[in-house]
Each structure stands twice: as C-alpha cells, then as structure tokens.
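# Need a 3D model of the sequence below.
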Amino acid sequence: MKLNDNATLYFPEGRTEEEAFEVSQSGPLAIGAHQDDLEIFAMHGIGNAYLGNTPKFVGVTVTNGDGSPRKGEFANYTNEEMMAARLQEQNEAAEIGRYGAQIQLGYKSGDIKGENPAKGIALLADIIEILLELKPDTLYVHNPFDKHDTHLAITRATIKALRALPEQERPKHVYGCEVWRGLDWVLSDQKIALDVSPFLELQEKLIDCHKSQIAGSKNYTQATIGRQLANATYLGSHDLEEATAMTYAVDLMPLLKDKNLTMTEFARSHVNPFADKLIGKAKEYDV
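Presented below is the predicted three-dimensional model:
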C-alpha cells in the first residue's frame, strides 16, 4: 500500500502486511481524526470483528497527535514525545482489539483542516488508496454535526474520496458516528442505533489504552460508555429494547448517491425536521 511518507502501519498478532489485508478484506473500516477516536465511535465494527462475526477490523487514524492537551505525567512531554506516546497507545489498542491493521497517516491537524491544500490532496489520495485496497463493507467516520473542526475535516475528506470511487467499489454502509456531539436529538427515522452491548468490557480496555488523554484530564472511558448506556435507556419511553448500550449514527450514503448534495443541505435535512417537531410540540403545550 502506497501512502504518504509519514504514514505508519501496524499489524497485530504478528501478521505480515499481505496477511493483514487478506483477513481484513471487506471487513469494517473506520477513519478517525485522533488516536482514541476509533475506540469511541467505531466499537460496533471493532466488537463484531473481535467476535469473528465479520472479517478483521482496520483502523485509520489521520493526525499525529502533536497538538494534544497534556496533563499529569504527560504535562512536560514535548510534541515529539507526545506523538510517540499516542502512536504507541493506538497500536496497543489495536493489539488488544485484534485489529487486522492499524494505519496512522501522521498529518498535522492544521494541514488537513484546509491550511495546507497540498496536504489535503495527499490525504484524499491516502483514503482512496486504503478504500481500494480493503474494499470495506461498512465504513465508520465522524458525523457531519460533530463540533470538532478536525473531525469535520476528516468527514469531508472521506466523502470526497468515496465520491471519487466507482459505485461498485464503495462500501454498502457509511455511518457518521458520535464523538464531540451526541446524536440523540436526530429524529428516530433518521438515525441508526448500533448495538454495542456485548462489547463494553472490551471497549473499556481499548479506551484505557490512551493514558495520555485520560491521566489528569478527562475520563473518556466513563463518558463514552455512559452515553451509550443513556442512548439505549432513553431510546423511547415505551421501547423495551434488549440492548443495554447503543451508539448512534447517521446514514451518509445519501451524500454518495447524490454528488450534488452539499454538507449544508445534508445538515438541513436533519436539523430542520427536528426543529419543526420541537417547535410543533411546544405549540401544542403553549402557555
């Protein structure tokens, strides 16, 4: 696989590159901005592959971690030390989660947000290369309503890459998933509830690998699992779902089926129905 010069590939369980891509063909793939994003939003794909329900999961992490916040034992880490720590943490998660491969593309966050157009073109080429090599059945990426600019840049690049592929080369499912904004507000007929109930113990171990982001800072493990438990509990007042933990996603396939559909129009198609229903219900009980 030919990627940019800063990219690194890690193959768990001692596989060669050829072996890793063979066991991962047509399996679940996730493209995330930062180290630890995959373990937060793509647990549905990770868990099913871990249990052998699908081919192996492959994770793609786009940025290099050099601008990461740091506290506790990591407070005095240089950018180079932080990058090395985060790369190692992501590979450790890949080993524990039995990923087919972990790809880290090594871009600076600022470059892929549009400050460096050449890097944006390189990222697009990398994603196309990965998609053509692995031919994933299901792709997980950040959702278009996320409030983190780097996450949105990854979604933009991924949609551009998917649009560049022939229709027969595209995944069957493309999910925009939760990280820096939940999707509980999306109307029921516009959101997808992915059952992650069987994977919570594994997910805790995977997120805990990212010590540099948890130590002395935010408990992403508890926050992520807590949101998933809440999603399942509050899915509906009269829904007695067997699932105890769910992560929400939106279907991004409309952006592939209609290349003229803008991200703005896609957002409006979700936000406006929610606003209409919210305001309509408020009118019913106006004072």
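# Which of the residues in stretch 51-70 are classified as buried?
54-66, 68, 70 (16 or more other C-beta atoms under 10 Å). Every residue, glycine included, has its C-beta placed from N, CA and C.
# ok, now stretch 23-43?
Within stretch 23-43, the residues that count as buried by 16+ other C-beta under 10 Å are 24, 27-43.
# Those residues in helices, which ones?
Judged by DSSP state H, the subset of the buried residues of stretch 23-43 located in helices is 24, 37-41, 43.
# among those, which two are most distant?
Spatial extent of those (C-beta to C-beta) is set by the pair 24 and 40 at 20.8 Å.
# can you count the residues close to the closest residue to residue 175 other than its chain neighbours?
The shortest distance from residue 175 to any non-neighbouring residue, by C-beta to C-beta, 6 or more residues apart in numbering, is to residue 249 (3.8 Å). Residue 249: 24 surrounding residues under other C-beta atoms under 10 Å.
# Tell me who's in contact with residue 249.
140, 143, 175-178, 183, 191-192, 194 (C-beta atoms under 8 Å, 6 or more residues apart in numbering).
# for the chain, what spans make up the helices?
According to DSSP H, the helices that the chain contains are 17-24, 37-41, 43-50, 79-96, 109-110, 117-134, 149-164, 200-208, 211-214, 220-233, 254-257, 263-284.
# Just to check, residue 63 is in contact with residue 119?
No - proximity of residue 63 to residue 119 does not meet the contact threshold set by C-beta atoms under 8 Å, at 11.0 Å.
# shared neighbours, those two?
Joint contacts of residue 63 and residue 119 (C-beta under 8 Å, 6+ apart) are 107-108, 112.
# and which of the residues you listed is nearest to residue 208?
Compare each of the shared contacts of residue 63 and residue 119 with residue 208 using C-beta to C-beta and the shortest gap goes to residue 107, at 25.6 Å.
# rewinding a little: most neighbours of all the shared contacts of residue 63 and residue 119, which one?
residue 107 (28 neighbours).
# distance of that one from residue 62?
Separation of residue 107 from residue 62 (C-beta to C-beta, to the nearest Å) stands at 6 Å.
# Mutual contacts of those two, please.
residue 123.
# And residue 70, what's its pLDDT?
At residue 70, the model reports a pLDDT of 73.
# Which residue is the nearest non-sequential neighbour of it?
residue 77 (5.4 Å).
# So that neighbour is in contact with residue 66, correct?
No - counting by C-beta under 8 Å, residue 77 does not reach residue 66; the two are 10.4 Å apart.
# follow-up on the earlier one: for the helices of the chain, state which one has the densest average packing.
Greatest average neighbour count among the helices of the chain goes to helix 37-41 (a mean of 29), per mean count of other C-beta atoms under 10 Å.
# pull the CA atoms of that one into CSV?
Only the C-alpha atoms of helix 37-41 are listed here, as CSV (Å, rounded to 0.1, in the frame of the first residue of the first chain):
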residue,chain,number,x,y,z
ASP,A,37,-11.4,8.3,18.4
LEU,A,38,-11.8,4.8,16.8
GLU,A,39,-12.4,3.2,20.1
ILE,A,40,-15.0,5.7,21.0
PHE,A,41,-17.1,5.8,17.8
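# Report all helices and strands that that helix contacts.
If you count contacts as 3 or more C-beta pairs under 8 Å, 6 or more residues apart in numbering; DSSP states H and E, helix 37-41 packs onto strand 28-32, strand 58-63, helix 79-96, strand 138-142, helix 200-208.
# can you redo these as CSV with distance to residue 262 and mean pLDDT?
CSV is the format used below for these (distance: least, C-beta to C-beta, whole Å; pLDDT from 0 to 100):
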stretch, distance to residue 262, mean pLDDT
strand 28-32, 20, 98
strand 58-63, 22, 97
helix 79-96, 32, 95
strand 138-142, 17, 98
helix 200-208, 34, 97
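# In JSON lines, list these along with distance to residue 233.
Below are these laid out as JSON lines (distance: least, C-beta to C-beta, whole Å):
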{"stretch": "strand 28-32", "distance to residue 233": "25"}
{"stretch": "strand 58-63", "distance to residue 233": "28"}
{"stretch": "helix 79-96", "distance to residue 233": "27"}
{"stretch": "strand 138-142", "distance to residue 233": "23"}
{"stretch": "helix 200-208", "distance to residue 233": "14"}
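# And those: which comes nearest residue 150?
The closest of those to residue 150 is strand 58-63. By C-beta to C-beta, the value is 6.5 Å.
# Can you list the strands that that closest one pairs with?
strand 28-32 (parallel), strand 101-107 (parallel) (DSSP bridges).
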